[in-house]
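>>> prediction below, plus the sequence it came from.
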Amino acid sequence: MGDVSVAVPDARGRNRLMRFDRPDIIECAAYIEVTRKVGFTAVDAESIKAAMADEPFGIGEDVLLTRLYSPINTVPGFWVSDLRIGRRSDSLTGDNIVIGVRELARFAVADIQVVTK
């Protein structure tokens, strides 16, 4: 659509004006309830948050609840008993987050709550 424009030189050195849009960032939040496995003394909640926040999403890519289990499960010592997600301003549910074609989903560590049961 062209809200942003940049002059880019072509093969002959002439500047060509390139117009493009940047995606709107959709801030997402999560509630993760975990149960510690036998033999582990503690659950590393900060590593769980970091793993989930590091998960990349493409422009227009929906946030699938089941996809989030993969980064969460890279941290050892627990199993997930409840996972709810949503846009930061909405209530958290067990549903996927629908992302528009000009939007980009992102989880910030501060928006992820990990509770050990």
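Okay, I see it. Bear in mind that the values here come from a model prediction, so they are computed numbers and not experimental data.
>>> could you use CA atoms for every contact and neighbour count after this?
OK.
>>> from the chain's centre, how far out does stretch 5-22 sit?
With C-alpha atoms, centre = their mean, to the nearest Å as the basis, the distance from the averaged C-alpha position of stretch 5-22 to the chain average is 31 Å.
>>> now do stretch 3-14
32 Å.
>>> give me the contacts around it.
By C-alpha atoms under 8 Å, 6 or more residues apart in numbering, the residues outside stretch 3-14 that reach it are 15-22.
>>> mind listing what the closest residue to residue 63 other than its chain neighbours touches?
For residue 63, ignoring the flanking residues on the chain, the nearest one in space by C-alpha to C-alpha, 6 or more residues apart in numbering is residue 97 at 4.9 Å. Residues counted as contacts of residue 97 (C-alpha under 8 Å, 6+ apart) are 62-65, 85-87.
>>> before we move on, what about residue 114?
Contacts were defined as C-alpha under 8 Å, 6+ apart; by that measure residue 114 touches 31-34, 45, 48-49.
>>> what comes up buried for the longest helix along the chain?
Selection of the longest helix in the chain by residue count, based on DSSP state H, yields helix 45-53. Using 16 or more other C-alpha atoms under 10 Å as the burial criterion, the residues of helix 45-53 that qualify are 45, 48-53.
>>> what is the burial count for residue 83?
Other residues within reach of residue 83 by the criterion other C-alpha atoms under 10 Å amount to 20.
>>> picking that back up, who does the longest helix of the chain touch, helix- and strand-wise?
Under the contact definition 3 or more C-alpha pairs under 8 Å, 6 or more residues apart in numbering; DSSP states H and E, helix 45-53 sits against helix 69-72, strand 103-116.
>>> between the last one and helix 45-53, how many degrees?
So that's strand 103-116. Using axes from the mean of the first three to the mean of the last three C-alpha atoms, to 10 degrees, the direction of strand 103-116 lies 160 degrees away from that of helix 45-53.
>>> could I get the contacts of residue 114 in CSV, plus columns for distance to residue 3 and pLDDT?
Putting the contacts of residue 114 into CSV (distance: C-alpha to C-alpha, whole Å; pLDDT from 0 to 100) gives the following:
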residue, distance to residue 3, pLDDT
31, 35, 98
32, 37, 98
33, 41, 98
34, 43, 97
45, 40, 97
48, 37, 98
49, 34, 98
